[in-house]
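Colleague: Structure of the sequence below:
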Amino acid sequence: MSPRPRLASLVLTTAVVCGGAVYVAPLAVAEPCPGAAGGGGVMSPPMGHRPGNANDKAPLPNLGRLSRSIISAITQGSVQQQAGVLPGTPRPVPQPQVAQPQVTQPTPAQPAAEPAPAIDAGTTSLVGWVTGDQSAGGSTLQRFGISGTDLGIMWDNGDPANNQVLMMFGDTYGNCSASNLQWRYNTMLRTNDRTLSHGISVPPGSVSNPYSGSPEWQPGMSKQTIPTIRWAPVEKGIIPTSGIAVGKTQYASFMSIKNWDNAGSWTTNYSAIAVSNDNGQNWGVYPSSVRPMAPGDVQRAQYAPGNENFQQGAFLKGNDGYIYVYGTPPGRSGSGYISRVPANFLPDLTKYQYWSNDSQSWVPNNPGAASPVIPGPVGEMSVQYNTYLKQYLVMYCNNMSDVVFRTSPTPVGPWSPERLVVSAMQFPGGVYAPFLHPWSTGRDLYFNLSLWSAYNVMLLHTVLP
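Modeller: Numbers count the residues shown, from 1 in each chain. Reported below is the predicted structural model:
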């Protein structure tokens, strides 16, 4: 894909209002690596053109610092620290049987050939940059070695003593004149900033402090978080898609990229779940959570029909002892599906149940039984319960690359028509991956949004009507 034309660098002064004029968002001054992805001008985000000898040697999880419950969840045999893998199938300690959820018999939304007409969701404005030269805490290149990145999935770390929001990013570039452009598969920032109207401020990072602004390899250089497990012969990315805390244990779903096919479409090797017991400082991957995209893609894991619909995900913590795990096929053209699993068994695929429209029930251990519950196309999505609407809310980009949301009285559905949050025409350069801030409350929705032409992440604010 050819690079987009360079946009002039502007000062953050103009707000974006739905229904208003086209708004040209500013580029970060520290433009990430011009031409790094095969062209001149502004860097095209990664499309398979990786720097030679790309740095994928993330430090292995320090298993000695994991809790006994995590270590005991790893099966028989010695713990092998190999390529960041937590060996064996997790066997969480059985918990008392949880109450059945109240959403056992909803009437789910049926897939539609075309998205429903968008309804204005309220007033949306640009708060500021999360990453890049103009981010709230200062240049992320100078502070964390991050000149360009995307996504910024967010979740509450579940630690009442040190309550933070963890933000995980995708392909990350650093100093463009350094070896391999300081490219990393993914990175992470942490924040306890609750004054979101002023942007997201991130404290300094640390090599050893698990509550610092970022886990680092060395001062001023955020380290790669989720490592490669090298289960795929061709792997062009390890992209986080969602995160959640169970107690103070952090889980992140991710997809292993086989090929960047074209704009909005890519092929995965598998999806899986990584775990950290030290607030995201070190991560390992549960082999039992690996979902191969197709038969034969991953020799060490068995393909199950329906896995292809859970290559990208979104976590939602229910009030019934379950975690609801939404899924889509790779790319931005598929519909949304839903599964659920007892919270204590999140990495164990054998404990998952899948919603079937045919039987109007949850079907255990059979991803092929899952029916579409959110009509596609659904891009990267996030889901949360909204206290103002008293509804569940899912946000994503549709086939027009507009940011939209739907609401539902239950995690399964039925889902409302789409409501327009940001029109793609208001952000020349391409927007994608809207991820809701977990501390959004009432009428105020804050969310991260990636801008392709700048290859950095912004924070936006929507006031619900």
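
Colleague: who touches residue 298 in this structure?
Modeller: Shown in contact with residue 298 (C-beta atoms under 8 Å, 6 or more residues apart in numbering): 231, 232, 269, 270, 290, 292. Heads up, the C-betas are built off the backbone N, CA and C, glycines and all.

Colleague: top of these by neighbour count?
Modeller: residue 269 (28 neighbours; other C-beta atoms under 10 Å).

Colleague: same question for the host helix or strand of that residue, mean pLDDT?
Modeller: Here residue 269 sits within strand 265-276, counting by DSSP states H and E. The pLDDT scores in strand 265-276 average 96.

Colleague: buried set for that strand?
Modeller: 266, 267, 268, 269, 270, 271, 272, 273, 274, 275, 276 (16 or more other C-beta atoms under 10 Å).

Colleague: with those residues in mind, which one is nearest to residue 310?
Modeller: residue 271 (6.2 Å; C-beta to C-beta).

Colleague: Just give the closest residue to residue 151, not the sequence neighbours.
Modeller: residue 170 (4.4 Å; C-beta to C-beta, 6 or more residues apart in numbering).

Colleague: Now that neighbour, what are its backbone angles?
Modeller: phi -90, psi -150 (degrees, to the nearest 10).

Colleague: I'd say it and residue 241 touch.
Modeller: No - if you go by C-beta atoms under 8 Å, residue 170 and residue 241 don't touch, sitting 9.3 Å apart.

Colleague: Now do the strands in the stretch 101-250 of the chain.
Modeller: Secondary structure of the stretch 101-250 of the chain (DSSP state E, counting those that start in this stretch): strands located at 119-120, 123-129, 151-156, 165-169, 187-191, 216-218, 221-222, 237-246, 249-262.

Colleague: now the angle from the fourth one to strand 265-276?
Modeller: When you say that, I think you mean strand 165-169. 140 degrees (axes from the mean of the first three to the mean of the last three C-alpha atoms, to 10 degrees).

Colleague: which outside residues touch strand 165-169?
Modeller: Contacts of strand 165-169 (C-beta under 8 Å, 6+ apart): 130-131, 146, 149-157, 186-193, 200, 225-226, 240, 243, 250, 252, 279-280, 437-439, 448, 457.

Colleague: if I look at the residue nearest to residue 364 when sequence neighbours are not counted, how far off is residue 343?
Modeller: With sequence-adjacent residues excluded and distances taken as C-beta to C-beta, 6+ apart, residue 364 is closest to residue 353, at 5.0 Å. The gap separating residue 353 from residue 343 is 13 Å, by C-beta to C-beta, to the nearest Å.

Colleague: Going by neighbour count, list what's buried in stretch 291-310.
Modeller: 291-293, 297-298, 301, 303-304, 306-310.

Colleague: now residue 277: how far from residue 446?
Modeller: Residue 277 is 28 Å from residue 446, by C-beta to C-beta.

Colleague: ok, these two, which is more surrounded?
Modeller: residue 277 (23 against 20).

Colleague: Of the strands of the stretch 101-250 of the chain, which stretch is the most buried?
Modeller: Across the strands of the stretch 101-250 of the chain, averaging neighbours per residue (mean count of other C-beta atoms under 10 Å) puts strand 187-191 on top, at a mean of 27.

Colleague: tell me the angle of that strand relative to strand 265-276?
Modeller: 60 degrees.

Colleague: rewinding a little: among the buried residues of strand 265-276, which one sits closest to residue 428?
Modeller: residue 266 (23.1 Å).

Colleague: what is the closest one paired to in the beta sheet?
Modeller: residue 260 (DSSP bridges).
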